[in-house]
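J.: no FASTA, just this:
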């Protein structure tokens with residue numbers, strides 16, 4: 001997206017003159033390619049007519065005559081009324097008149113002591129020179145609808161008088177995105193208690209194939225005041241809507257709807273408000289535009305570099321800024337979470353907001369502890385007060401409280417102490433995250449008693465670049481609960497995770513939800529677009545659960561930039577439960593192995609115009625189950641291999 005830059009552009013000569021031991025006339029001649037006057041040994045310089053230059057002032061009679069110079073061919077200077085011997089006189093070009101209606105002419109170069117002078121109305125210079133002509137349908141080149149030049153505030157029609165804009169330097173930005181998903185997949189599908197589409201199925205799992213089709217349209221507008229190339233905007237108003245149409249087809253009933261009489265396919269659509277905020281710039285605190293700003297409203301926020309803890313669009317207040325030439329960055333934020341639509345995951349602005357609150361503070365420091373590495377320390381407090389809530393999702397399944405244990409509502413307070421790093425250490429690229437979760441669960445669903453929360457998490461991705469190839473090594477550890485009946489919950493869970501890690505949504509385990517049939521039909525071992533084995537009813541509508549088996553992941557991967565527009569990525573991950581005591585208690589089994597299985601994926605990304613305006617992505621993943629997964633989800637066909645195919649087309653304006 002193009003951005004606006006300051007009103008006055010400094011234009012500098014391509015080859016500025018260097019300091020020379022001559023007077024001004026000699027310096028000018030040297031720059032323009034003329035032959036320098038003869039120098040008399042000693043201190044004086046002789047002019048061509050024999051006059052002497054005063055070394056104190058650098059003046060002589062030659063300089064009293066007004067001359068006009070124009071650059072000609074290389075090494076040629078054209079002087080009015082004179083010519084160099086042996087060089088034909090060249091006619092001067094016709095004078096150029098610039099017709100730029102409404103523009104303010106720049107002062108003449110003689111008004112400036114140096115070689116820099118400002119050029120007014122720089123947004124229309126390239127159009128005046130016929131280098132670029134605006135096309136509203138072109139989002140890549142200069143376009144007023146993309147904030148490349150200011151809107152004419154004084155010429156706006158009367159019906160737009162309600163806009164909160166006055167003065168100069170207001171920019172208007174329109175964003176539009178089409179996101180298409182086609183996703184065939186398979187996963188362990190539980191058979192309904194009352195009925196099944198396959199009468200001969202005698203096991204608890206039925207046919208495992210399903211299909212997801214989703215089309216999302218995202219439209220947004222923004223009004224921004226200020227020249228934003230070198231400093232933050234003075235004011236920003238932003239509004240973004242997302243509308244999704246989705247269709248799902250499975251082969252068993254009571255998977256999509258709680259009623260067994262409902263069909264095994266579903267079409268749904270929903271429109272959600274994803275951004276609605278005002279951003280106000282308090283002040284600049286340095287000449288290099290360190291700043292303090294505040295943002296109020298529904299806004300995107302990511303608590304760390306890779307989306308491990310909280311990455312969502314929620315209503316809140318955020319105060320943020322920079323110091324020390326942007327080497328220090330800080331955030332203070334408070335959010336109240338909205339209810340989300342069940343099938344699209346978009347914000348439901350008209351539902352009663354959740355009694356779930358987030359308070360966050362962080363500090364970034366560049367080049368700490370090594371040059372090239374950015375470190376972040378953070379404190380995040382999640383206060384949940386949903387003990388009295390009974391929430392049923394749009395498909396009829398209970399999501400709060402979750403269908404686990406005593407089925408009673410819960411309140412909890414948890415503080416996450418975090419350290420995150422991202423950058424380079426020598427030739428290696430490094431991303432690292434570590435969290436310690438401390439707090440209290442007011443009502444553990446295993447004991448109906450208060451329990452302390454003490455859980456921890458760590459993840460690291462190390463990569464190395466070799467020309468057009470990048471090789472990656474990934475590792476993740478999230479603690480699990482070793483005794484669900486004691487007074488301490490040790491299973492780590494996030495608030496709202498969206499991890500960009502170990503293959504992200506091209507990975508089978510991260511992309512798909514595995515239903516935990518034995519502990520409640522509306523419970524998943526993991527969440528969609530989530531990596532933690534948290535045993536939650538829903539990432540979007542459920543509560544965090546610290547009675548969980550934990551997660552361990554080791555993976556390798558590689559990215560290959562075959563061309564500037566085409567990339568191939570491959571990932572291989574092995575997953576384990578950290579501790580299966582919680583699973584054993586919920587399934588009433590004496591032992592469950594910890595090994596989950598192998599997750600293999602391959603993805604291709606094509607950007608036909610080498611920009612982010614059109615992106616096509618095709619990925620395929622295979623999951624080969626090990627003993628721990630097979631113990632929980634062995635079906636009547638004894639299949640141990642599951643698949644996920646994802647086709648994604650993104651069009652951006």
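T.: Arrived safely, thanks for sending. What you see is a predicted model; the values in this text were computed from it and never measured.

J.: CA only for contacts and neighbour counts going forward, please
T.: Will do.

J.: nearest spatial neighbour of residue 609, skipping sequence neighbours?
T.: Nearest non-adjacent residue to residue 609, counting by C-alpha to C-alpha, 6 or more residues apart in numbering: residue 565, 7.1 Å away.

J.: so who does the one you found touch?
T.: Under the criterion of C-alpha atoms under 8 Å, 6 or more residues apart in numbering, the contact partners of residue 565 comprise 606, 607, 608, 609, 610.

J.: Number of residues surrounding the third one?
T.: Going back to what we said before, that points to residue 608. Close neighbours of residue 608, defined as other C-alpha atoms under 10 Å, add up to 14.

J.: Give me the helices and strands touching the longest strand anywhere in the chain, please.
T.: For the chain, the strand reaching the highest residue count under DSSP state E is reported as strand 265-284. Secondary-structure packing of strand 265-284 (3 or more C-alpha pairs under 8 Å, 6 or more residues apart in numbering; DSSP states H and E): strand 235-250, strand 291-302, strand 311-323.

J.: Which members of the contacts of residue 565 are positioned in strands?
T.: Applying DSSP E to the contacts of residue 565, the entries found in strands are residue 606.

J.: Show me which of the contacts of residue 565 is closest to residue 349.
T.: residue 607 (34.5 Å; C-alpha to C-alpha).

J.: And that closest one, how far from residue 567?
T.: 9 Å (C-alpha to C-alpha, to the nearest Å).

J.: again, but for residue 418
T.: 33 Å.

J.: Pick out whichever of these two has more residues nearby.
T.: Ranked by neighbour count (other C-alpha under 10 Å), residue 418 and residue 567 place residue 418 first, with 22 against 18.

J.: Report whether the more buried one is found in a strand, as I expect.
T.: Yes - the assignment for residue 418 is a strand, going by DSSP: H, G, I helix; E, B strand; the rest coil.

J.: Settle this for me: it is touching residue 432, isn't it.
T.: No - if you go by C-alpha atoms under 8 Å, residue 418 and residue 432 don't touch, sitting 10.6 Å apart.

J.: Is residue 514 in contact with residue 185, as I believe?
T.: No - the pair residue 514 / residue 185 is not scored as a contact, 11.7 Å apart, by C-alpha under 8 Å.

J.: burial count for residue 394?
T.: With other C-alpha under 10 Å as criterion, residue 394 counts 12.

J.: need the contact list for it.
T.: Counting by C-alpha under 8 Å, 6+ apart, residue 394 touches 341, 342, 343.

J.: try 10 Å
T.: 257, 258, 341, 342, 343 (C-alpha atoms under 10 Å, 6 or more residues apart in numbering).

J.: and the second one, what pLDDT?
T.: Read that as residue 258. As predicted, residue 258 sits at a pLDDT of 85.

J.: got it, and the fourth one?
T.: If you check residue 342, the pLDDT there is 93.

J.: And it, its phi and psi?
T.: Dihedral angles of residue 342 (phi, psi; degrees, to the nearest 10) stand at phi -60, psi -50.

J.: That one touches residue 395, doesn't it?
T.: Yes - using C-alpha atoms under 10 Å, residue 342 is in contact with residue 395, at 7.6 Å.

J.: where exactly do the helices run in this protein?
T.: Ranges of helices in the chain, per DSSP state H, are 24-32, 125-128, 508-511, 581-587, 627-633.

J.: tell me the mean pLDDT for the longest one?
T.: What it means is helix 24-32. 34.

J.: do the second one as well
T.: Averaging pLDDT along helix 125-128 gives 73.

J.: now it, how far from the chain's geometric center?
T.: Relative to its chain's centre, helix 125-128 lies at 33 Å (C-alpha atoms, centre = their mean, to the nearest Å).

J.: Kindly report the same for the third one.
T.: Mean C-alpha position of helix 508-511 versus that of the full chain (C-alpha atoms, centre = their mean) differs by 20 Å.

J.: Show me what that helix is packed against.
T.: Applying 3 or more C-alpha pairs under 10 Å, 6 or more residues apart in numbering; DSSP states H and E, one finds that helix 508-511 makes contact with strand 566-576, strand 595-606, strand 614-625, strand 641-652.

J.: between those strands, which gets nearest to residue 122?
T.: strand 641-652 (26.9 Å).

J.: what about the stretch 251-400 of the chain, any weak spots by pLDDT?
T.: Within the stretch 251-400 of the chain, no stretch has pLDDT under 70.

J.: rerun at 90
T.: Applying pLDDT under 90 to the stretch 251-400 of the chain flags residues 251-264, 287-289, 370.

J.: Same question for the stretch 451-600 of the chain.
T.: 505, 514-523, 538, 586-591.

J.: Mind jotting down where the strands sit in it?
T.: 451-466, 469-478, 488-489, 551-563, 566-576, 595-606 (DSSP state E, counting those that start in this stretch).

J.: Most tightly packed of those strands?
T.: Using mean count of other C-alpha atoms under 10 Å, the stretch among the strands of the stretch 451-600 of the chain with the largest mean neighbour count is strand 488-489, at a mean of 24.

J.: Outside of that strand itself, which residues are in contact with it?
T.: 438-441, 444, 450-455, 480-483, 545-548.

J.: who does the longest strand of the chain pair up with?
T.: strand 235-250 (antiparallel), strand 291-302 (antiparallel) (DSSP bridges).

J.: Reformat those into JSON lines and put mean neighbour count and distance to residue 323 next to each item.
T.: Listed next are these as JSON lines, based on neighbours: other C-alpha atoms under 10 Å; distance: least, C-alpha to C-alpha, whole Å:
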{"stretch": "strand 235-250", "mean neighbour count": "19", "distance to residue 323": "20"}
{"stretch": "strand 291-302", "mean neighbour count": "19", "distance to residue 323": "7"}
